[in-house]
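A.B. asks: Below are the sequence and a predicted model for it; my questions follow.
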Amino acid sequence: MRRQIALALLALAACAPDNKSPVDVVVLSYNSTTNKYEPRKVSLKTVKDLVTMDGDIASFAAGAKIVIDDKDPALQRAANLDQVKKAILKNEGGPVKVSWVADGSTLVPADFHSLNIVTSYYNLERAKSVYQRIGDDLGSKFGKRTVYYFADYSENGQAERDNASFNSLLQSFQILPFDQLQMIPFSINGGVVAHEFQHAVFNFRVFNGAAVPAVKIAWASDTTLASATPGLNLLAVVEEGLADVFGTAATCDDTFANCSPAFFGKSLPGSESSQRNIDTPHCLSAIPEVYDDMRSKSYDLFALKSGEQYRIGSVLSSSLWSAAGSPALTNALGGSGPARKAVLLAVSKAMSDGIASLINDNAGNQTYFTLEGVLGAIVASAATDSKDVKDALCASFLEFFSPKVTQISGCPSVAAPRPNCQ
């Protein structure tokens, strides 16, 4: 692929780009027809400087060094976001420099890093546009974020590579150097970038952009439950599940059709990616022990060491996707695209309304922050707009989360049987 791109570039002329938006550029993007990532002409709508890739969505910085060390006195003393940033950002880096060549009126990145950066910016635009297209725009307060490109990142002495992630401590994104992964880089995978963007949205809407939300600190240090942290574990489940749904939504076309629910499979090999495919039913009845772990284990054992949040998160994401694909809802709303849009809108509204309230109301006792409550908040959000969406969510939730969840506020006690989970 890189050789083909390089040969094609030899025939093109180097150029100084015009910074007026929108501008047509070439990125690597998923083609649902061929099931491959391929060069594709797209329009960047928000970029202001095509050399430094600075725009309304994000600005890029290269050469940054980020060190998170729990024993760092400066980090321990930090009392606000600015002090946290100063403690962990050892080197802020500087602007990236994207090189271009012109192919008529279209700009083509002239090297791999340029292509990687431009594609990453485009993927962030697509991620944010999901909220605009469902009618629940994030607004100006969300702001633009810094993307630390190929950052030197370590956490408690362990250097990390092969990742793209949202860093709540810096309220930024980071794209780390490649090492072991040999498939589509995370930064080029539009679903992965949107997944991380959704983590930023969840932090913004639920926790008002807090670097370390106070409720997470309180629940992590709660000694009344021995070592169990059920509320903190459930938070991780919800964040991952919703991130997978919105990650998939960003891979769809503008009408929310032609989606790639298996987007992780383009970057991650084998079972790790198949377990995150939200088009495959993931049922809690198949992993009851993981639910029990969520209720009884510490966050360290449940999430950090075992990664069990992804497994129940996949139950949540696949139940939402299944609800959006139910025949009753697609018939009522005129197709799968409108049905997905309606379910996404219900989830989006639930974040800043029901889920945030549920967390705040139970900050003093995390055992009252429950899976039933989260599902009920999403149902309540849907009920304000559409009974059809509410009914589809109720049926899907009661099927996918059975037998651990048998009652959800706003849902009938017995839902119509569906074929996904036996």
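C.D. replies: Thanks, I have the structure now. Numbering: from 1, shown residues only.

A.B. asks: Which parts of the stretch 151-300 of the chain are strands?
C.D. replies: Listed in chain order, the strands of the stretch 151-300 of the chain (DSSP state E, counting those that start in this stretch) span residues 152-155, 158-160, 164-167, 172-175.

A.B. asks: and C259, which of the ones you listed is closest to it?
C.D. replies: When the strands of the stretch 151-300 of the chain are ranked by proximity to C259, the top entry is strand 164-167, at 20.2 Å, counting by C-beta to C-beta. C-beta: built from backbone N, CA, C; applies to glycine.

A.B. asks: For the spatially closest residue to F197 that is not a sequence neighbour, report the pLDDT, please.
C.D. replies: Here the nearest residue to F197 in space, its sequence neighbours aside, is A127; by C-beta to C-beta, 6 or more residues apart in numbering that works out to 3.7 Å. According to the prediction, A127 has pLDDT 97.

A.B. asks: any idea which helix or strand carries A127?
C.D. replies: Secondary structure from DSSP states H and E places A127 in helix 112-134.

A.B. asks: Now tell me which helix or strand of this protein has the poorest mean pLDDT.
C.D. replies: helix 2-10 (a mean of 38; mean pLDDT, DSSP states H and E).

A.B. asks: just to revisit the earlier point, packed most tightly, which of the strands of the stretch 151-300 of the chain would that be?
C.D. replies: strand 172-175 (a mean of 24; mean count of other C-beta atoms under 10 Å).

A.B. asks: Please render the strands of the stretch 151-300 of the chain as JSON lines that adds distance to K297 and mean pLDDT to the earlier fields.
C.D. replies: Below are the strands of the stretch 151-300 of the chain laid out as JSON lines (distance: least, C-beta to C-beta, whole Å; pLDDT from 0 to 100):
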{"stretch": "strand 152-155", "distance to K297": "21", "mean pLDDT": "96"}
{"stretch": "strand 158-160", "distance to K297": "22", "mean pLDDT": "94"}
{"stretch": "strand 164-167", "distance to K297": "23", "mean pLDDT": "96"}
{"stretch": "strand 172-175", "distance to K297": "28", "mean pLDDT": "97"}
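
A.B. asks: Okay, now the unreliable bits of the stretch 301-422 of the chain?
C.D. replies: Scanning the stretch 301-422 of the chain for pLDDT under 70 picks out 414-418, 422.

A.B. asks: Quick one: the helices in it, in order.
C.D. replies: Taking DSSP state H, counting those that start in this stretch, the helices of the stretch 301-422 of the chain run over residues 309-324, 327-333, 336-350, 356-361, 371-383, 387-400.

A.B. asks: Please identify the most buried of those.
C.D. replies: Per-stretch averages of neighbours, counted by mean count of other C-beta under 10 Å, single out helix 309-324 among these, with a mean of 26.

A.B. asks: what packs against that one?
C.D. replies: If contacts are counted by 3 or more C-beta pairs under 8 Å, 6 or more residues apart in numbering; DSSP states H and E, helix 309-324 sits against helix 230-251, helix 288-296, helix 336-350, helix 387-400.

A.B. asks: Determine the set of other helices and strands touching the helix or strand just after the second one.
C.D. replies: So the one you mean is helix 288-296. Sequence order places helix 299 as the next helix or strand after helix 288-296, per DSSP H and E. Helices and strands touching helix 299, by 3+ C-beta pairs under 8 Å, 6+ apart, are helix 230-251.

A.B. asks: Okay then, goodbye and thanks.
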